[in-house]
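Novice: Quick one, fold the following:
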Amino acid sequence: TGDPFDGKKAAEIKLVNYAVPKDKLRAETVSLAQKLIKKNPAVLRAAKEVYKYCRNMDYGQAEDYMGAKGTALRFTDPERGRETGMKQFLDEKTYRPGLGEYKRDAK
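Specialist: Reported below is the predicted structural model:
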């Protein structure tokens, strides 16, 4: 319709995940930034690219693109996140995929 709406309405119609009151916006932004800073930046970049390009592909193309992006990431990630995560999961038993982040070296 072109009618303007606020954050609450955007959340209600699922245009955004959630709305934050203005007085809590800074704290919520800092909290989100603290979560993101724990993640591997190369993986985040690749995930954003996959989302951007795959939404315009059919299933087979998207599957191929994601596979190629994952393979490329194994060779270009300066943190070697895959190897680090696998070591922490299999050998050290300190990482549980899907339940948190692997421990990154401070960069």
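Novice: got a pLDDT number for the most centrally placed residue in the chain?
Specialist: The C-alpha lying nearest the average C-alpha coordinate of the chain belongs to residue 44 (C-alpha atoms, centre = their mean; 5.0 Å). With respect to pLDDT, residue 44 scores 95.
Novice: try residue 100
Specialist: As summarised for this prediction, residue 100 has a pLDDT of 86.
Novice: gap between it and residue 67?
Specialist: Between residue 100 and residue 67 the computed distance is 25 Å (C-beta to C-beta, to the nearest Å). Every C-beta, even on glycine, is put in place using the N, C-alpha and C of the backbone.
Novice: can you dump the C-alpha coordinates of the longest helix along the chain into CSV?
Specialist: With secondary structure taken from DSSP state H, the chain has its longest helix at helix 59-76. Coordinates of the C-alpha atoms in helix 59-76 are reproduced here as CSV (Å, rounded to 0.1, in the frame of the first residue of the first chain):
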residue,chain,number,x,y,z
TYR,A,59,17.9,-25.4,-5.9
GLY,A,60,20.6,-27.2,-7.9
GLN,A,61,22.4,-24.0,-8.7
ALA,A,62,22.3,-22.8,-5.1
GLU,A,63,23.6,-26.2,-3.9
ASP,A,64,26.5,-26.0,-6.3
TYR,A,65,27.3,-22.4,-5.3
MET,A,66,27.2,-23.2,-1.6
GLY,A,67,29.5,-26.2,-2.1
ALA,A,68,31.9,-24.2,-4.1
LYS,A,69,31.9,-21.3,-1.6
GLY,A,70,32.5,-23.8,1.3
THR,A,71,35.4,-25.3,-0.6
ALA,A,72,36.9,-21.9,-1.4
LEU,A,73,36.6,-20.9,2.2
ARG,A,74,38.6,-23.9,3.4
PHE,A,75,41.6,-22.5,1.4
THR,A,76,41.1,-18.8,1.9
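Novice: Pull out the buried positions in that helix.
Specialist: Judged by neighbour count using 16 or more other C-beta atoms under 10 Å, the buried positions of helix 59-76 are 66, 73.
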